[in-house]
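Enquirer: return atomic coordinates for the entry below.
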Amino acid sequence: MPNLRSSFRLAPFRLALALAVCAGGSGLAIQPARLHAAEDGAAPYWASLAKDQTNMRVGPGREYRINWTYVRKGLPVKVLRVMGGWRLVEDPAGARGWMLAQFLSRARSGLVKGEVAPMRANRDGSGPVLWRVAPGVQGVLGDCRDGWCAFDVTGRKGFVAQDAIWGAGTP
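Expert: The predicted model follows:
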């Protein structure tokens, strides 16, 4: 009679071998399941709110009370810690709490901070001022290089100084 313990240890390898043989004969490749976008990588990282309404809780679980309810899809947040399906996040005002990963997206967004920020025509910050972006205005954040970031506010595109945008740079 085979040893039950060794059978359990070998079961995953047997399953993997069977799947590889089946896939090999049909020309199919087995791919690992793709993680939710907000689960890729280790903290800290930038994310944005993926839903129109998102709750921030005081702890990593549904049994913890709701501290804030956000109603601003696309708001940038900084993910500070990962715990299972929960993320410890910080919002632009500095509030910290826990959100479910499914309510976050890795789509980059930014929020203008401080003072009115000029949106310029050229990537190096030169060229005419196309728009003046008020503090609190949210937009889609593109590549940041040499202190300037591509920024799109509802179709109005240009380049804004990286230090004027919360959500740009190293989290």
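Enquirer: for Ala164, give me phi and psi.
Expert: phi -90, psi 0 (degrees, to the nearest 10).
Enquirer: any weak-confidence spans in this structure?
Expert: Across the chain, the ranges flagged by pLDDT under 70 are 1-41.
Enquirer: which stretches in this structure count as strands?
Expert: Along the chain, the segments classed as strands by DSSP state E run 45-49, 54-57, 66-70, 76-83, 86-90, 96-100, 104-105, 109-112, 117-120, 129-133, 138-145, 148-153, 156-161, 165-166.
Enquirer: quick one: distance of the second one to the chain centre.
Expert: When you say that, I think you mean strand 54-57. 15 Å (CA atoms, centre = their mean, to the nearest Å).
Enquirer: and if you look at stretch 78-87?
Expert: Worked out by CA atoms, centre = their mean, stretch 78-87 lies 11 Å from the chain centre.
Enquirer: quick one, domains of this structure?
Expert: The chain resolves into domains spanning 1-31, 37-107, 110-166 when parsed by automatic domain parsing.
Enquirer: and the strands of the chain as a markdown table, adding mean neighbour count?
Expert: Backbone N, C-alpha and C define where each C-beta goes, glycine included. A markdown table is the format used below for these (neighbours: other CB atoms under 10 Å):
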| stretch | mean neighbour count |
| --- | --- |
| strand 45-49 | 22 |
| strand 54-57 | 20 |
| strand 66-70 | 13 |
| strand 76-83 | 20 |
| strand 86-90 | 21 |
| strand 96-100 | 20 |
| strand 104-105 | 21 |
| strand 109-112 | 26 |
| strand 117-120 | 20 |
| strand 129-133 | 16 |
| strand 138-145 | 19 |
| strand 148-153 | 21 |
| strand 156-161 | 20 |
| strand 165-166 | 25 |
